[in-house]
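# Sequence and predicted structure are below.
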Amino acid sequence: MLRTLGLAASGRAFARSAVASGAVPARSAALSAAAAFTPAAAAAAPSSSLTSAALRASSRRFASSSSAGASGSGSGAGAGAFGKSTGDAALWLAKATAASAVVGFAVSELVLTDERTDAMANGAASALSSLKAMAKDHLGLELPSFLEAHAFSTADDGLHPAHYPWDYRSWWTTYDHSAIRRGYQVYREICAACHSMDYIHWRNLVGVSHTEAEAKAMAAEYEYKDGPDDKGEYFMRPGKLADPMPRPYPNEEAARAANAGAYPPDLSCIVRARHGEEDYIFSLLLGYCDPPAGVTVREGLHYNPYFPGGAIGMARAIYDEVVEYEDGTPNNASQLAKDVTQYLAWASYPEHDERKKFGLKTLAITSILLGFSVWWKRFKWSYIKTRKFVYKPPKIHEV
């Protein structure tokens with residue numbers, strides 16, 4: 001019995017030394033010692049031979065658990081997908097990089113040579129051309145050209161306009177309505193001789209640039225064909241607020257005949273319809289200049305680098321002091337071009353001011369609702385978010 005107790009004490013001392021050295025965790029050592037030296041084992045070992053056998057078995061079990069714990073802790077410290085340590089991972093990355101470089105060089109020099117890629121591209125282009133021809137002949141479809149690239153050409157596409165700081169482009173500003181009024185004056189005295197505005201009616205000016213009485217007076221200056229009357233005949237009458245802006249020409253053929261074959265576009269949505277919008281219109285109006293060396297413009301056309309192709313049928317119409325403003329604003333060419341551009345911008349986006357007002361109201365209301373929803377969420381989830389779960393592990397009784 002004394003020998004058994006002595007062996008148990010030596011087993012516990014050996015476990016403590018293993019835990020102190022860091023070879024195995026304390027729990028593993030305690031379990032190993034407890035498994036080897038239980039009271040049942042002590043009672044079942046009256047002789048020295050049985051006690052020695054139990055000690056040897058427990059020692060082997062403890063040694064195996066110690067080696068497993070040591071190997072597990074060592075492998076877990078540096079093991080990874082690319083090696084057992086950082087050095088192994090760096091070596092693997094260097095090998096992978098070198099192999100990728102060698103394979104890429106071999107493929108580019110031996111497989112994807114210029115001759116082979118050109119042959120493949122030509123074959124794909126011919127096959128696509130045949131497919132496009134078949135689709136057009138049999139189905140009437142025009143397929144896009146995926147293998148064609150078009151470089152930007154200033155001569156063909158026009159000079160890209162500069163970006164000007166228009167005041168109404170910020171979130172909280174609207175159109176300058178006095179500028180819209182001046183711009184309408186420029187359009188009426190200069191642009192209306194060739195360009196129409198079929199989608200702008202006299203009523204659209206009311207409350208924007210003119211009063212109702214002013215709009216009625218301007219509309220009454222023109223006569224519109226109306227009818228039929230009681231006798232079935234058409235007649236001419238003074239304009240009303242519901243009438244559109246008058247056309248300078250009765251039809252497209254008359255417009256082309258008066259402008260050497262060029263058709264002046266309608267200006268109702270010209271800003272929306274041109275790339276660059278206001279910047280393009282402003283630059284085009286002031287961009288007339290002499291053609292550079294080597295560029296010839298045929299008779300009847302005028303050189304403007306902002307117009308696609310460079311040759312435009314419209315002559316320059318904006319000059320200094322060509323329009324006398326009613327409010328005394330300086331009437332230089334830049335001011336005239338700026339005002340008429342803003343008028344055309346309003347014609348293309350008449351809902352601009354209302355859209356911004358509605359957007360600011362929406363942002364204000366949604367901000368309030370967002371704050372209320374955050375408070376409501378925190379209020380409803382507060383009793384769940386503030387709960388605390390405590391785990392108390394069971395105590396392990398050392399043997």
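Great, that's in hand.
# Which parts of the stretch 51-200 of the chain are helices?
86-106, 114-134, 154-157, 177-189 (DSSP state H, counting those that start in this stretch).
# Of these, which stretch is the most buried?
Burial of the helices of the stretch 51-200 of the chain is given as mean neighbour count (mean count of other CB atoms under 10 Å); helix 177-189 ranks first at a mean of 21. Placement of C-beta: from N, CA and C, glycine included.
# between the following helix or strand past that one and helix 177-189, how many degrees?
Once the chain leaves helix 177-189, the next helix or strand it forms, by DSSP states H and E, is helix 212-220. Between helix 212-220 and helix 177-189, the angle comes out at 10 degrees (axes from the mean of the first three to the mean of the last three CA atoms, to 10 degrees).
# Keeping just the C-alphas, turn whatever helix or strand comes next after helix 212-220 into PDB.
Beyond helix 212-220 in the direction of the C-terminus, DSSP H and E gives the next helix or strand as strand 223-226. The C-alpha trace of strand 223-226 is given here as PDB (Å, rounded to 0.1, in the frame of the first residue of the first chain):
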ATOM      1  CA  GLU A 223     -50.700  84.900 -86.600                       C
ATOM      2  CA  TYR A 224     -51.600  81.200 -86.600                       C
ATOM      3  CA  LYS A 225     -53.700  79.300 -89.000                       C
ATOM      4  CA  ASP A 226     -56.900  78.000 -87.400                       C
END
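# give me the number of residues near the nearest residue to residue 199 once chain neighbours are set aside?
Counting by CB to CB, 6 or more residues apart in numbering, residue 199 lies nearest to residue 268, which is 3.7 Å off, once chain neighbours are set aside. Counted with other CB atoms under 10 Å, the neighbours of residue 268 add up to 20.
# mind checking how far residue 268 is from residue 197?
When distance is defined by CB to CB, to the nearest Å, residue 268 is 5 Å away from residue 197.
# overlap in contacts of these two?
The contact sets of residue 268 and residue 197 overlap at residue 347 (CB atoms under 8 Å, 6 or more residues apart in numbering).
# okay, and for this structure, where does confidence drop off?
1-80, 145-152 (pLDDT under 70).
# now the strands for the protein?
223-226, 235-238, 302-303, 311-312 (DSSP state E).
# of all the ones you listed, which lies closest to residue 343?
strand 311-312 (20.8 Å; CB to CB).
# Name every strand pairing with the closest one and say which way it goes.
strand 302-303 (antiparallel) (DSSP bridges).
# Might you calculate how far the partner strand sits from the centre of the chain?
Put simply, strand 302-303 sits 38 Å off its chain's centre (CA atoms, centre = their mean, to the nearest Å).
# For whichever helix in the chain runs longest, which residues meet the burial criterion?
Longest helix in the chain by number of residues (criterion: DSSP state H): helix 352-385. Across helix 352-385, burial judged by 16 or more other CB atoms under 10 Å covers 353, 356.
# Return the distance of it from the chain's centre.
With CA atoms, centre = their mean, you get 24 Å for helix 352-385.
# the inter-axis angle of it versus helix 177-189?
Going by the same axes, to 10 degrees, helix 352-385 makes 140 degrees with helix 177-189.
# List the buried residues of stretch 326-337.
Those would be 331, 335-337, for stretch 326-337 by 16+ other CB under 10 Å.
# Tell me the one of those nearest residue 164?
residue 337 (10.6 Å).
# Quick one: residues contacting that closest one.
Residue 337 neighbours (CB under 8 Å, 6+ apart): 282, 285-286, 318.
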